[in-house]
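>>> next input, structure requested:
(chains A, B, C and D)
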There are 2 protein chains.
Amino acid sequence: MTNEHNIPNEYEAIPSLAQLKRQIERYDLDVDAQTVLVAARLMAAGTKLGHAAEVHFSKFGLSTGRYRLLADLEDNAGEELPSQLAEHLGVTRATVTGLIDILERDGLVSRRTSSVDGRQRSVVLTELGAEKLQDMAEEHFARMEAIVGLLSVEERSLFLDLLSKVTHGISSLTE
Amino acid sequence: MTNEHNIPNEYEAIPSLAQLKRQIERYDLDVDAQTVLVAARLMAAGTKLGHAAEVHFSKFGLSTGRYRLLADLEDNAGEELPSQLAEHLGVTRATVTGLIDILERDGLVSRRTSSVDGRQRSVVLTELGAEKLQDMAEEHFARMEAIVGLLSVEERSLFLDLLSKVTHGISSLTE
DNA sequence: CCCATATAATTAGGAACCTAACTATATCGG
DNA sequence: CCGATATAGTTAGGTTCCTAATTATATGGG
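Next up is the predicted model:
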């Protein structure tokens, strides 16, 4: 085990309700500890899931971002502009440039200069890139399913609904 | 607006159910698109929340990690070992070293060599560090509450329960 | 007693994503 | 038609966290 000291005690998830209650009391705040706990746990879950995904994709020589780029490319007839990719993936164009650099180096995509607009350089999924997606598909989707596997069908749709509300809550904070 | 091209179209969250369905059909997989969508949306929500938190803390000259370190320190009588902090925060000791470096530079914590074990160098919350926590408390907790604000009390406790199951699902994948 | 081994913290270097500045190309108004 | 401005993509450099190697100190068996 490389980082066992990195795995939190499974009987005491972070942050604990007790810890939050102490903080709220210390500052004499008018907030509900349980409510704050929900937000904190969501953040923890997101971090954990993100890390797990990164580990998963690295086994195929990819990162989460590079996998998502390939998948989005395939979903758009195998060719897109970097700016479109940036919008679809929710990252900046600078980040897309970096993702493409590595994917191109590995032969999974190639760049093509547009004949219509000389500023544009569209990105094309290569045959090797399509094969990579094909190779990963089964395990990738099985893992995605496994994450939600402990939830019943009703719970899944409920969770999706709640998640959507929380996502809107986050949006209203960042605007 | 610095990165408006970075904000996904609000009428079409990523990834869309349609996109996942196309992928599943293309590879002829035996998975449920809705189920996969739940996992994908959770990952997106986590990323979004993490980013929002980073922006929030940066207004106080901190990062999420450095804030969490200070809070954990305060919750442990203002003094802890780096290894304890690493375990509590769920990061490596190397990361803790980096967090402490900056917090010490800014006068929010100080390092003290142990008289018991010469290898240990405990971290102490300074008065300035405690003041920083005090200054941030109200806004910080208000924001945490706002994230979950669109959920009713029942939904919050339900969400927490579902989140816990999903977190276990992630754990079982990474072991 | 002292050498092999374990442990605490740090350093060195890498990966992912960011913002801001830059280059090259396109377009619009006088 | 041509200079000002806008846009596409890239580059440069910063932040956060990681793994692996290193340094310093402690401990246990021959």
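>>> hey, let's count contacts and neighbours off CA atoms from now on
Fine.
>>> and chain A, which residues reach DNA strand C?
When proximity is defined as C-alpha under 7 Å from any atom of the strand, chain A approaches DNA strand C at A:62-66, A:90-95, A:99, A:116-119.
>>> which of these has the weakest pLDDT?
Minimum pLDDT for those is recorded at residue A:116 (88).
>>> any chance you could map the strands in chain A?
In chain A, the strands defined using DSSP state E lie at A:79-80, A:109-113, A:121-125.
>>> circling back to that earlier point, just the buried residues of the residues of chain A next to DNA strand C.
Among the residues of chain A next to DNA strand C, those classed as buried by 16 or more other C-alpha atoms under 10 Å in any protein chain shown are A:62, A:63, A:64, A:65, A:66, A:90, A:91, A:92, A:93, A:99.
>>> and the residue of chain A nearest chain B?
Closest contact between chain A and chain B, by C-alpha to the nearest C-alpha, is at residue A:46 (3.7 Å).
>>> who touches the residue nearest to that residue when sequence neighbours are not counted in this structure?
Nearest residue to residue A:46, sequence neighbours excluded (C-alpha to C-alpha, 6 or more residues apart in numbering or on different chains): residue B:46, at 3.7 Å. By C-alpha atoms under 8 Å, 6 or more residues apart in numbering or on different chains, the contact list for residue B:46 reads A:42, A:43, A:44, A:45, A:46, A:47, A:50.
>>> just the pLDDT at the nearest residue to the third one once chain neighbours are set aside, thanks.
Nearest residue to residue A:44, sequence neighbours excluded (C-alpha to C-alpha, 6+ apart): residue A:14, at 7.6 Å. Model confidence at residue A:14, expressed as pLDDT, equals 70.
>>> now do residue A:19
Among the per-residue scores, residue A:19 holds a pLDDT of 89.
>>> quick check: the gap between it and residue A:83.
Residue A:19 sits 44 Å away from residue A:83, going by C-alpha to C-alpha, to the nearest Å.
>>> more neighbours, these two?
Per other C-alpha atoms under 10 Å in any protein chain shown, whichever of residue A:19 and residue A:83 has more neighbours is residue A:83, with 20 against 16.
>>> per-residue pLDDT, that one?
We have a pLDDT of 97 for residue A:83.
>>> helices of chain A, start to end?
Along chain A, counting by DSSP state H, helices occupy A:17-26, A:33-58, A:64-74, A:82-89, A:93-105, A:127-147, A:153-174.
>>> columns distance to residue B:36 on top of those, output as JSON lines?
Output for those, formatted as JSON lines (distance: least, C-alpha to C-alpha, whole Å):
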{"stretch": "helix A:17-26", "distance to residue B:36": "30"}
{"stretch": "helix A:33-58", "distance to residue B:36": "13"}
{"stretch": "helix A:64-74", "distance to residue B:36": "14"}
{"stretch": "helix A:82-89", "distance to residue B:36": "17"}
{"stretch": "helix A:93-105", "distance to residue B:36": "24"}
{"stretch": "helix A:127-147", "distance to residue B:36": "5"}
{"stretch": "helix A:153-174", "distance to residue B:36": "10"}
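>>> the ones you listed: which one's closest to residue B:77?
Among the helices of chain A, helix A:17-26 comes nearest to residue B:77, with 11.9 Å by C-alpha to C-alpha.
>>> pLDDT at residue A:175, what is it?
We have a pLDDT of 70 for residue A:175.
>>> residue contacts, the residue positioned nearest the centre of chain A?
Of all residues in chain A, the one closest to the mean position by C-alpha atoms, centre = their mean is residue A:50, 5.7 Å from it. The neighbours of residue A:50, taking C-alpha under 8 Å, 6+ apart as the test, are B:43, B:46, B:47.
>>> now do residue A:35
B:144, B:145, B:148, B:156.
>>> distance to residue A:28 and neighbour count for the residues you listed - can I get that in a markdown table?
Below are the contacts of residue A:35 laid out as a markdown table (distance: C-alpha to C-alpha, whole Å; neighbours: other C-alpha atoms under 10 Å in any protein chain shown):
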| residue | distance to residue A:28 | neighbour count |
| --- | --- | --- |
| B:144 | 16 | 23 |
| B:145 | 15 | 22 |
| B:148 | 21 | 27 |
| B:156 | 23 | 21 |
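>>> and of these, the nearest to DNA strand D?
Using C-alpha to the nearest atom of the strand, residue B:144 comes nearest to DNA strand D of the contacts of residue A:35, at 17.3 Å.
>>> that closest one and residue A:39 touch, don't they?
Yes: if you go by C-alpha atoms under 8 Å, residue B:144 and residue A:39 touch, sitting 5.9 Å apart.
>>> quick one: residue A:14 and residue A:41 touch, right?
Yes: between residue A:14 and residue A:41 there is a contact at 7.4 Å, judged by C-alpha under 8 Å.
>>> how many residues are close by residue A:172?
Neighbourhood size, residue A:172 [other C-alpha under 10 Å]: 11.
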